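*Asks:* any chance you can model this:
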Amino acid sequence: MSIRGAYQADNIFAKILRGEAPCCKAYEDDQVLAIMDMFPQAPGHTLVLPKSAGRNLLDTDSDVLAEAIKGVKKVALGVEKAFAPDGLIITQFNGETAGQTVFHLHFHIIPRFEHQPFDRHGLAQQADKEVLHAQAAKIAKAISALV
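*Replies:* Reported below is the predicted structural model:
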């Protein structure tokens, strides 16, 4: 499978952005939506989705990328404030072989704690939705305090 390809508007993130599928929303502005990862690698694992259609970083307009990274920074600051991790992983996958499982550009923000086990991407168990909603509310509160 090629890294690049046609954008498929039926992917789960496109459905979430259109309001056709549920999510645990942590933040939203005109450019991005931040949601909790349903299969988190750590507590507070958040995804930032540009609202513009793009399969991955290589297929996305540079202006969209510039706005998206501003959203990633804002959400990362909120995750840092909300969870006080020892570090943060901010990552993004391009193509199936690289680990991309949903073909809508998105960024992972993953809190890392020094002595906490860490699951690999795609191997984590599905989280309890109530826990995710509570984490999303914690991040939303932290982001609103940053402004």
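*Asks:* you'd agree Leu58 is in a strand?
*Replies:* No: Leu58: not assigned to a strand; according to DSSP: H, G, I helix; E, B strand; the rest coil it is helix.
*Asks:* what lies in contact with stretch 61-77?
*Replies:* Stretch 61-77 is contacted by residues 26-27, 29, 31-32, 34, 46, 48, 50, 52, 54, 57, 60, 88, 90, 105, 107, 109, 139, 142-143, 146 when judged by Cβ atoms under 8 Å, 6 or more residues apart in numbering. C-beta here means a position set from N, CA and C on the backbone, and glycine is covered the same way.
*Asks:* mind checking the longest helix of this protein?
*Replies:* When the chain is parsed with DSSP state H, its longest helix is helix 62-83.
*Asks:* I'd like the distance from that one to the chain centre, please.
*Replies:* 10 Å (Cα atoms, centre = their mean, to the nearest Å).
*Asks:* partner strands of the helix or strand just after that helix, with direction?
*Replies:* Following helix 62-83 in sequence order, the next helix or strand is strand 87-91 (DSSP states H and E). In the sheet, strand 87-91 lines up against strand 107-112 (antiparallel) (DSSP bridges).
*Asks:* please save the CA atoms from the strand it pairs with in PDB.
*Replies:* The C-alpha trace of strand 107-112 is given here as PDB (Å, rounded to 0.1, in the frame of the first residue of the first chain):
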ATOM      1  CA  PHE A 107      -1.400  13.600  16.000                       C
ATOM      2  CA  HIS A 108      -1.000  11.600  19.100                       C
ATOM      3  CA  ILE A 109      -0.200  13.300  22.400                       C
ATOM      4  CA  ILE A 110       0.800  10.700  24.900                       C
ATOM      5  CA  PRO A 111       1.800  11.500  28.500                       C
ATOM      6  CA  ARG A 112       4.800   9.400  29.800                       C
END
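*Asks:* find the residue at the geometric middle of the protein.
*Replies:* The chain has Leu47 as the residue nearest its centroid, 0.7 Å off, counting by Cα atoms, centre = their mean.
*Asks:* next, that one: secondary structure please.
*Replies:* Applying three-state DSSP: Leu47 is strand.
*Asks:* show me the contacts for it.
*Replies:* Contacts of Leu47 by Cβ under 8 Å, 6+ apart are Phe13, Ala34, Ile35, Met36, Asp37, His106, Phe107, His108, Ile109.
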